[in-house]
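A predicted structure for the sequence below; I have some questions about it.
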Amino acid sequence: MPTIRIDDEVFEGLKKLAEPLVDGPGSVIRRLLVDKGVLAERRVEKQKAQPMSKSDAKALTPVLTPQETYERFLLLTLAEAFGGRGDKRAVTRAVLEKMVRQGFIGPADLELVATGETKAENTITWGRNALKNRGLIQRGSKRGIWELSDEGRETARTLELPKAAKK
């Protein structure tokens, strides 16, 4: 079965059209297509109301890019575009631009968190902390400066970016 991505606005619209505990995204879209005459109506006996399946519920859950993906992009961007050392804001912007171009940032990643930044920006910061804890980013750098350690530089040399996202 094919998987499709929809933006948050369309998702909210589907939820408004769905009959709670009965409809999943597919049944709502099918009903709309039948109403427009695009699909023929299936004559199916009305079944007892059943809870939404786990697969339908999973399809409705926004997909976030894993932190590990951000970490890989961060290491490579710091190494390649900044020579191993860069300003937090400039590095974050460069990582985001690269990830957007390559299809790794989806609508869920662009939602705002309590700090006012996007989930993507926040995850880059958490990724930086994880890399620092693993010794790949310097601990003693000046505030606001992200710098690869020797081990981080070596790791970046051997890293490959993940294949383009299929979101």
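Noted; the coordinates are in hand.

any regions of the protein where pLDDT drops low?
Applying pLDDT under 70 to the chain flags residues 1, 21-23, 39-61, 164-167.

in it, which spans are helices?
Under the criterion DSSP state H, the chain contains helices at 8-17, 25-35, 54-60, 67-82, 88-101, 119-133, 150-158.

domains for this structure, by residue range?
Listed by automatic domain parsing, the domain ranges of the chain are 8-60, 67-158.

just these: most buried one?
Neighbour counts (mean count of other C-beta atoms under 10 Å) averaged over each of the domains of the chain peak at domain 67-158, with a mean of 17. C-beta: built from backbone N, CA, C; applies to glycine.

now it: how far from the chain's centre is it?
15 Å (C-alpha atoms, centre = their mean, to the nearest Å).

tell me which of the domains of the chain sits nearest to residue 2.
domain 8-60 (10.7 Å; C-beta to C-beta).

so which of the helices of the chain is nearest residue 139?
helix 119-133 (6.0 Å).

can you name every helix or strand that the closest one contacts?
Packing contacts for helix 119-133, counted by 3 or more C-beta pairs under 8 Å, 6 or more residues apart in numbering; DSSP states H and E, involve helix 67-82, helix 88-101.

got the ones you listed as CSV, with distance to residue 163 columns?
Formatted as CSV, the helices and strands packed on helix 119-133 follow (distance: least, C-beta to C-beta, whole Å):
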stretch, distance to residue 163
helix 67-82, 11
helix 88-101, 13
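
next, the distance between the ends of stretch 143-155.
23 Å (C-alpha to C-alpha, to the nearest Å).

what's the answer for stretch 75-94, then?
Using C-alpha to C-alpha, one end of stretch 75-94 lies 12 Å from the other.

repeat that for stretch 145-156.
Terminal residues of stretch 145-156 lie 18 Å apart, using C-alpha to C-alpha.

what's it in contact with?
With contact meaning C-beta atoms under 8 Å, 6 or more residues apart in numbering, stretch 145-156 is reached by 74-76, 78-80, 84-88, 91, 128, 131, 135-138, 141.

for residue 4, find the nearest of the helices and strands packed on helix 119-133.
The closest of the helices and strands packed on helix 119-133 to residue 4 is helix 88-101. By C-beta to C-beta, the value is 19.8 Å.

by contact count, what packs against the closest one?
helix 67-82, helix 119-133, strand 145-147.
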